[in-house]
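Q: sequence and predicted model, in that order:
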Amino acid sequence: MKIAIIGSGYVGLVSGACFADFGHDVTCVDKDPRKIAALNEGRIPIYEPGLDALVASNVRWGRLTFTTEIGPAVREADAVFIAVGTPSRRGDGFADMTYVFGAARDIARNLAGYTVVVTKSTVPVGTGDEVERIIREANPEAEVDVVSNPEFLREGAAIEDFKRPDRIVIGLDDPRADAVMREIYRPLYLNQAPILVTGRRTAELTKYAGNAFLATKITFINEIADLCEQVGADVQEVARGIGLDNRIGRKFLHAGPGYGGSCFPKDTLALVKTAQDAGSPVRLVETVVAVNDQRKRAMARKVITACGGSVRGKRIAVLGLTFKPNTDDMRDAPSLSIITGLQDAGATVTAYDPEGIEQARPLLADVDYAADAYACAEGAHAVVIVTEWNAFRALDLERMGALMAARVMVDLRNVYGPEEATRYGFRYLGVGRRR
Ligand code: UGA
C-alpha cells in the first residue's frame, strides 16, 4: 500500500515509521521545512525510545520518506492519514480543528484515483462528516472515502503500543474503504489485534470515551489516596486490592500528582464541551477535569506542609519535569503547577530531568537546572519526586541526604516508601500512604 501521512508530530511520525516497518510505502508530509530537513538528516524531533532506529532502518530500505510537498504524496497514495494537532482552543476548551480542516483542503486539491482519507488525529464527533464535506466541496470529482481511525498509543511506549495494540478501531461506511484499511493493518492480524469496524461517529467518540475513562480511573484513585492519608490506610494496597478484581483491572490505578500530557487534559475538556453542546453533559468527566486541575496545585501545598508549613527562603529540589517518564514532553506536566506554586510561596527551585530540561526552560522562570539528581539535591531543604524516571528508582539516599540542608522527601509517585526513606533519616511524605 502507498500511504501518505500529513503531520510529522508524535502520532504521524510513529504511525509512519511503523506502517513502513510493516512493509508499506510511506511518505510523511509536514509544512515545517526545518522538521523535514532534520528528519532527512536522520534527526528525530521528539524523544521516543526506539524511534530513531526504526526511522533510520526504514529510510535505508527506501520505504519511508519525508517531504514538505503534499501534492505528489497525496496523488500517489492509496490512503492519506491526517495526523496533525488538535490542541485546546484558547478560551473555550473546544478542540481546535484549524489544522485538520486545513489538511483536508490541501488533500482535496491533490486527490487522484480512489483514495481513503483517514483521520488519525483525535477529533470531535462529526469531524469526519466535515472533512468529507470540505473535500467534496473543493473537489467534487474526487473518488474518496473518509474514515476515522483513532490512535491509542502512549508516549514513551509508542512503538510497542502501535505494533501490539489492544484493538484497532476503524469507523467507516463503505466496503471499498474497509478493504483498504484491512490491508493496511493486515500485518497486525499476526499479533491477533482485534479490529472493530464501526460507524464513523462511533469511532470518533470511542477515542474520547477511552481517554476520559482512563482519566477518571486515575482521578478516582487519587481521591482515594487523599482519603487514605486522612484515615491511615495505604492506597497502593487498596489499588492492588481492587485491581485484582478483573472487572476493575490493575492498570491506571497509580496515585500521583494528577494526570498531565498532551492528551488527557485536552481530550477530557473537549469531550465535556462536545457533550454540553449536544445537550447531554458528561457530569462525571466535568468533575474529573476540575478535581485534576485542583490536585496539581494542591501538590505544592503538600511540599510546603512537609517542610513544616513554609518554604520561604528554602531551596527545593525537583526530580522529574516531564508529565511522565521516557518522554521530553512538558505539556500540562504537573511539575509546572508545582514549581510555580513553590516559587509563589517563596522557595527557590532547582530541577533535574533526564530528557525534559530543554522543553522546560521556556515554560518556567527562575529555575536552576542541575546536571543530575545529586547535584539537584545539593543544599536543598526537601527533594520532591514528580516524575518516576528509572534514574530516580535506585538513588543512593545516604549520599543524597548528606548533600541536603534537611532530609525531607516528598515522593509524589510512591517510588520509595516510608520505611526505606526513614531508614536514611528522611522525613517522608508519599501519596496516599500512612505517615
Ligand atoms: C494517553 C493514553 O494512555 C493513550 O492510550 C492515548 O493514545 C494517548 O493518551 C492519546 O490520546 O494520544 P499518554 O498521554 O501518552 O497516553 O500517557 P499515559 O501513560 O496514559 O499517562 C497520562 C498521564 O496519566 C500521565 O501524567 C501519567 O503520569 C498519569 N497516570 C497514568 C497516573 O497518574 N496514574 C496512572 O496509573 C497512569
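A: Structure received.

Q: how near is Ala278 to the ligand?
A: 21 Å (CB to the nearest ligand atom, to the nearest Å). In short, each C-beta sits where N, CA and C put it, glycine included.

Q: could you check how many residues crowd around that residue?
A: A count of nearby residues for Ala278, using other CB atoms under 10 Å, gives 11.

Q: got it, and Val272?
A: 23.

Q: for the record, mean pLDDT for the helix or strand hosting it?
A: According to DSSP states H and E, Val272 maps onto helix 264-277. Per-residue pLDDT over helix 264-277 has a mean of 94.

Q: after it, which helix or strand is next?
A: helix 283-306.

Q: packing partners for that next one?
A: helix 200-231, helix 264-277, helix 334-344, strand 382-385, strand 408-411, strand 427-429 (3 or more CB pairs under 8 Å, 6 or more residues apart in numbering; DSSP states H and E).

Q: what's near enough to touch the residue located most distally from the centre of the chain?
A: If you look at how far each residue of the chain sits from its centre, by CA atoms, centre = their mean, the farthest one is Glu141, at 38.3 Å. With CB atoms under 8 Å, 6 or more residues apart in numbering as the criterion, no residue contacts Glu141.

Q: how about it, secondary structure?
A: coil (DSSP: H, G, I helix; E, B strand; the rest coil).

Q: where does it fall, phi/psi-wise?
A: phi -80, psi -10 (degrees, to the nearest 10).

Q: ok, the one 5 residues further on next?
A: Backbone torsions for Val146, taken as degrees, to the nearest 10, come to phi -110, psi 130.

Q: so it sits against Glu130, correct?
A: No. Contact criterion CB atoms under 8 Å: Val146 and Glu130 do not qualify, at 9.4 Å.

Q: tell me the most buried of the helices and strands packed on helix 283-306?
A: Sort these by mean neighbour count, taking mean count of other CB atoms under 10 Å, and strand 382-385 sits at the top with a mean of 28.

Q: list the buried ones in the helix or strand just after that one?
A: Later in the chain than strand 382-385, the nearest helix or strand by DSSP H and E is helix 397-403. Residues Leu397, Met400, Gly401, Leu403 are the ones in helix 397-403 that count as buried (16 or more other CB atoms under 10 Å).

Q: before we move on, what about stretch 151-171?
A: Applying 16+ other CB under 10 Å to stretch 151-171 flags 151-153, 155-159, 161-163, 165, 168-171 as buried.

Q: using CSV, list the CA coordinates for it.
A: Taking Å, rounded to 0.1, in the frame of the first residue of the first chain, the C-alpha atoms of stretch 151-171 are listed here in CSV:
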residue,chain,number,x,y,z
GLU,A,151,-4.8,6.1,17.7
PHE,A,152,-4.4,4.7,21.2
LEU,A,153,-0.6,4.7,21.6
ARG,A,154,1.1,6.1,24.7
GLU,A,155,4.1,8.3,24.7
GLY,A,156,7.2,6.5,25.9
ALA,A,157,5.8,3.2,24.7
ALA,A,158,4.6,4.3,21.3
ILE,A,159,6.2,1.8,19.0
GLU,A,160,5.2,-1.2,21.2
ASP,A,161,1.6,0.2,21.5
PHE,A,162,1.3,0.7,17.8
LYS,A,163,2.6,-2.7,16.9
ARG,A,164,0.8,-4.6,19.6
PRO,A,165,-2.4,-2.6,20.2
ASP,A,166,-5.2,-4.0,22.4
ARG,A,167,-7.5,-3.2,19.5
ILE,A,168,-7.8,-1.2,16.3
VAL,A,169,-10.9,0.9,15.8
ILE,A,170,-12.0,1.8,12.3
GLY,A,171,-15.1,3.9,11.6
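
Q: helix, strand, or coil at Phe81?
A: strand.

Q: would you confirm that it contacts Ser15?
A: Yes. If you go by CB under 8 Å, Phe81 and Ser15 touch, sitting 6.4 Å apart.

Q: give me the more crowded residue out of the two.
A: Taking other CB under 10 Å, Phe81 and Ser15 do not tie; Phe81 has more neighbours (30 against 25).

Q: show me what contacts that one?
A: Per CB under 8 Å, 6+ apart, neighbours of Phe81: Ile3, Ala4, Ile5, Ile6, Gly12, Ser15, Val118, Thr119, Lys120, Asn149.

Q: most neighbours out of those, which is it?
A: Busiest of the contacts of Phe81 [other CB under 10 Å] is Ile5, holding 31 neighbours.

Q: how about the helices and strands packed on helix 283-306, which one is nearest Asp366?
A: helix 334-344 (6.5 Å; CB to CB).

Q: off-centre distance for stretch 59-74?
A: 26 Å (CA atoms, centre = their mean, to the nearest Å).

Q: and the helices and strands packed on helix 283-306 as JSON lines, adding distance to Val288?
A: Below are those laid out as JSON lines (distance: least, CB to CB, whole Å):
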{"stretch": "helix 200-231", "distance to Val288": "5"}
{"stretch": "helix 264-277", "distance to Val288": "6"}
{"stretch": "helix 334-344", "distance to Val288": "15"}
{"stretch": "strand 382-385", "distance to Val288": "24"}
{"stretch": "strand 408-411", "distance to Val288": "24"}
{"stretch": "strand 427-429", "distance to Val288": "25"}
